[in-house]
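**Student:** Any chance you could fold what I've pasted below:
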Amino acid sequence: MRANMLRVSSVVGVVAGIVWGVSAGCPAMAPGNNMAQGEAVPHNHPAVPGLPGRPTHAQTARYGAAVADLDLRAVQRDLIDFFKVSQPIWPADWADLPGGANYGPFFVRLAWHCSGSYRTSDGRGGCSGGRQRFDPERSWEDNTNLDKARGLLWPIKEKYGAALSWGDLFILAGTTAIEHMGGPSLGFCAGRVDDVDATWSLPLGPSPEQEAIAPCPVNGECKAPLGSTTVGLIYLNPEGPMGVPDPAATAPTVRDAFARMAMNDSETVALIGGGHAFGKSHGACPAGAGPPPKVDPVNPWPGKCGTGKGLDTYTSGFEGAWTKDPTTWDNSYFKLLTTEKWEVWVGPGDKHQWRVAGTGKNSSRNGAAGKEGVMMLTSDISLLHDPERVFQGIVEDYAKDSAKFEAMFAHSWYKLTTRDMGPATRCTGDLKPPAQPWQYPLPPPPPPGRLPNFMEVAATIEAILSVANPVLPPDYYDGVPNYGPLFVRLAWQCASTFRATDYLGGCNGARIRFGPAGTWPLNVELDRALRLLEPIKEKFGEDLSWADLIVLAGNTALEVAGSRKLTFCGGRTDAANGEGSQYLKSRVTGNSSDEVVIFKDTMMVMGLTHRETVALMGGGHSLGMMHPARTGFTGSWTTTPTKLNNEYFTNLMDERWEEHKAAGSLIQYKAEGKDLYILKPDLSVRVDPELQAVAVEYASDSATFMADFASAWEKIMTADRFDGPTGNLCDGRNPSTVSENSVADA
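**Tutor:** Coordinates of the predicted model:
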C-alpha cells in the first residue's frame, strides 16, 4: 500500500480557519466507465438533506427537461396579446383611452424589481428562484401592487406549467414588454429554477436573519453587504436621503446603490433612463396603499384612494409619468431632463417630486398621451447634480445620441436581469445572446481525445509529494518531507470560492493564479505551491489545464493521507485573468472575531448543508499544521496530522479548550494540558447545536465521517461544472474525462 509509505505533513488544509464547503450534484461514478465504483455509504448512514429553500433533485431535473423544450417565442406571443387587453380586476394605465391600454410598463417594473435585489457582496437577490412571491420581498414597500402583476400572469404560467418557471416568466415578461414598446433587447437567458420558499431572501430583510448578518442601525443609511440603502426598497429612497429632496446628496447614493450590484456609471444612467422611458408612478392621494401581504394576505394593498385602482392607484406615492409618450421607447427622458428647468413640490401622494418650473402643472393622472405634464423624482434630478460631474456628461451623451443610449441600455438590462444566473453555460433557450464579459466566459475544453491520461498525471503528482524542493521548504514529520496538505489546501482554496447564490467562483478557470484571489491573506504562499506543480504542467502541456491539475493534486494528496478512492472529472479550462474573483473573498478568517452566525451564513452561501460543512472541516483540519509566519496561528488539530481520520472530532468534543494568544492580536484555542490547537470556526462546530450534532456523530462513527467527507469533497470540486441551468458535466461522466485516481492503492 503506497499510502503507508509516506508521512504527510505541510501547510494546513484550511489556513486561518476558512470553512471547507461543498455544493453541486453528487459526483458518483457513472456505470460502464470501466472504473471500480467508490465505497458504498454505510448502511446506517443518515439521509443527507438538501439545501433549505431549494427544490428537490427530482423537481430540478423535471424543470431542466421541460424548459429545454419550451417554445419561448410562443410565450412571447402570448405575453404581447395579454399586454393589449386591460383586465377589470387591475386595469392597465391609459385603459380608458382608445388603443391606450398597455400592461407593458407594469411588467418592466416587475422584472426590474425582481432582479434589482441582487447584490455582489454575497450573490443573494435577483430573480432566479422567483422569490418575489414570498415574504419578505413580496411585502416590500417598493413591490407594492406587484402581487397584481403576478396574478395577471397566472394564465400564462398555468398554460406552460413546469417548463416556465416563475423567475423566467417575470424576466421574459419585462423583456418582451420592452421589445413590444419599441425598446432594445440583447436577448433572454432562460433557466431560472424556482425556489420553494423565501429562505434565500431572508438575509435581504427585514428579518431576524438580516439583522444578525447585516444589521442596519438607521434604515435609509444602510451599508454593504446590504444591497440597498433602505431595507424594503430596491436601491434607495427616490425622494432623497431620508426623504429629503436634495439632488446633490442623492447622486452619491445612486452611484453607491447601483455599484453594489456591479453597475458602473454609464450602466446606471442607462437603466434609470430606460426604465423611466416607460409607464408612470402612482400616488393618487395621501391615504396610501393599505396593508401589505404579510399583514393582509387575503386582500393586500387594497388602496385607500377611491376605488384603489385605475386613476385611484397608490403604489409609490409619487404621481405621474416621466415622458409624454410613456408606452413608446425613446430618449426623451434625457432630453426633458436636460432642457427643462425643474422645481420640487409636494405631489398628491404627499411626497416630494419635481415638475417643470413655472408651469404649476401637476402630472395628470393617465391623461391623453402628449397632453399630460411630466414629473421627475429626486433620484432623476440627482443625475444633473453629481458632485463628481460624471452623471451629467452621460445624461448629455444619451440625450444627443439615442443609438449610444439604446446599446448601453440593452446590455445593461440583460446584465441586470441575468447577473444572478452565473456563467452563460447555465443559460438555455434560443433567445440567449453570446456570453458577456461580466459572465466571465472560459475557453472551451479540448475534445476528450486530447485530455491527458489523468492516472499518469496523478502518479507524477504523488512522486513529488515527499521530495523537498527549495521553491517552498516542506514540513517534516518523523524526518519525512511532504507537500500533501499543501496541495489539499490549494485545491480547497481554488474551489471554495464557489457561491450557490449567483454561481460565481469555483476552481474551473483556476483564477487563484491571479489577483485578487492570489493575493488574499488566506492564500499566502499558494503561489509557491503552484510553482511546485509547474514541472508537471510543462510535462503534460496545454492539454492539462491548471484547473484540472490543481484539483487532481488535492485528490491525490487526500488519497495518500487515507481517503477512499476519489473520483476525478477532468476537462476544466483556464481563465486568462482573475476577473470575477473580486466579489468572492471569504468573510471567515479563523480569528476569534469570527461570529458563529457569519460562519454559518458563509457555509450557506457556498451551498453547504451543516453535515457537509462539518465533514469537510474535519477532513481539512485532520491534516498538517498552522504556521505562525504565514497566518499568525500555531499548532496542529490532531496528534496524527498525516492521517485522514476522525481524531479531529474526538479531540474537539473530549478536550477542554482555553483561549491562547497567537501572533499579534490573534486569538486561537488550546487544549488544556495538551499540544493541540483549534480556531474559532472549530469552536463554533463544538458549541453550535446544529453543527455539534454532526460532530458528535462523526466522533463515534469513523466510517460515516470518511464516507461523508469523500462525497462532500467530490461535490465541491465539481460544483462549477455547469451543463445548462440544472445539469453538471460530471454527472454523466465520459470515461475519457474520468479517472478514479486510486494512486494510494496502486
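**Student:** CA only for contacts and neighbour counts going forward, please
**Tutor:** OK.
**Student:** What ranges does the stretch 251-400 of the chain have for its helices?
**Tutor:** Secondary structure of the stretch 251-400 of the chain (DSSP state H, counting those that start in this stretch): helices at 265-275, 332-339, 378-381, 391-400.
**Student:** Quick check: mean pLDDT of the third one?
**Tutor:** When you say that, I think you mean helix 378-381. Across helix 378-381, pLDDT averages out at 98.
**Student:** Kindly report the same for stretch 537-545.
**Tutor:** Mean predicted confidence for stretch 537-545 is 97.
**Student:** Where does pLDDT dip in the protein?
**Tutor:** When residues are selected by pLDDT under 70, those of the chain lie in 1-49, 97-99, 361-372, 732-746.
**Student:** could you redo the last one with a cut-off of 80?
**Tutor:** 1-50, 95-100, 360-372, 592, 732-746 (pLDDT under 80).
**Student:** now for the helices of the stretch 251-400 of the chain, which one comes closest to P535?
**Tutor:** Among these, helix 265-275 comes nearest to P535, with 44.3 Å by Cα to Cα.
**Student:** got the contact list for A61?
**Tutor:** Listed by Cα atoms under 8 Å, 6 or more residues apart in numbering, the contact set of A61 reads 726-727.
**Student:** Now the helix or strand where it lies: buried residues?
**Tutor:** Here A61 sits within helix 57-68, counting by DSSP states H and E. For helix 57-68, a neighbour-count test (16 or more other Cα atoms under 10 Å) marks 60, 63-64, 66-68 as buried.
**Student:** circling back to that earlier point, generate CSV for the helices of the stretch 251-400 of the chain, with distance to R450 and mean neighbour count as supplementary columns.
**Tutor:** As requested, those are exported to CSV (distance: least, Cα to Cα, whole Å; neighbours: other Cα atoms under 10 Å):
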stretch, distance to R450, mean neighbour count
helix 265-275, 41, 22
helix 332-339, 54, 20
helix 378-381, 55, 25
helix 391-400, 49, 18
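**Student:** okay, those in JSON lines with distance to G187 next?
**Tutor:** Formatted as JSON lines, the helices of the stretch 251-400 of the chain follow (distance: least, Cα to Cα, whole Å):
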{"stretch": "helix 265-275", "distance to G187": "16"}
{"stretch": "helix 332-339", "distance to G187": "24"}
{"stretch": "helix 378-381", "distance to G187": "27"}
{"stretch": "helix 391-400", "distance to G187": "22"}
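**Student:** and of those helices, who's closest to S593?
**Tutor:** helix 265-275 (35.4 Å).
**Student:** Start and end of stretch 312-319, how far apart?
**Tutor:** Chord length of stretch 312-319, first to last residue, is 11 Å (Cα to Cα, to the nearest Å).
**Student:** oh sorry, the question was meant for stretch 237-250
**Tutor:** OK, stretch 237-250 end separation, Cα to Cα: 9 Å.
**Student:** out of the helices of the stretch 251-400 of the chain, nearest to P238?
**Tutor:** Nearest of these (Cα to Cα): helix 378-381, 4.9 Å.
**Student:** how about the closest one as CSV, C-alpha atoms only?
**Tutor:** The C-alpha trace of helix 378-381 is given here as CSV (Å, rounded to 0.1, in the frame of the first residue of the first chain):
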residue,chain,number,x,y,z
THR,A,378,-35.2,63.5,-6.8
SER,A,379,-33.2,60.4,-7.9
ASP,A,380,-33.7,61.5,-11.5
ILE,A,381,-32.8,65.1,-10.8
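**Student:** tell me how far that helix is from the chain's mean position?
**Tutor:** 30 Å (Cα atoms, centre = their mean, to the nearest Å).
**Student:** and if you look at stretch 457-469?
**Tutor:** On the basis of Cα atoms, centre = their mean, stretch 457-469 sits 36 Å off its chain's mean C-alpha point.
**Student:** Name the residues of that stretch that come out as buried.
**Tutor:** 457-462, 464-466, 468.
**Student:** cool, stretch 250-257 as well?
**Tutor:** Within stretch 250-257, judged by 16+ other Cα under 10 Å, the buried ones are 250-257.
**Student:** What is the nearest of those residues to I716?
**Tutor:** Nearest to I716 among the buried residues of stretch 250-257 is A257, at 32.0 Å by Cα to Cα.
**Student:** ok, that closest one - contacts?
**Tutor:** 227-229, 235-236.
**Student:** With just CA atoms, put the helix holding A61 into CSV.
**Tutor:** C-alpha atoms of helix 57-68 as CSV (Å, rounded to 0.1, in the frame of the first residue of the first chain):
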residue,chain,number,x,y,z
HIS,A,57,-33.2,17.0,-7.2
ALA,A,58,-36.3,15.4,-8.9
GLN,A,59,-38.1,18.8,-9.2
THR,A,60,-35.0,20.4,-10.6
ALA,A,61,-34.4,17.7,-13.1
ARG,A,62,-38.1,17.8,-14.2
TYR,A,63,-37.8,21.6,-14.8
GLY,A,64,-34.5,21.2,-16.7
ALA,A,65,-36.0,18.6,-19.0
ALA,A,66,-39.2,20.7,-19.5
VAL,A,67,-37.5,24.1,-20.1
ALA,A,68,-35.2,22.6,-22.8
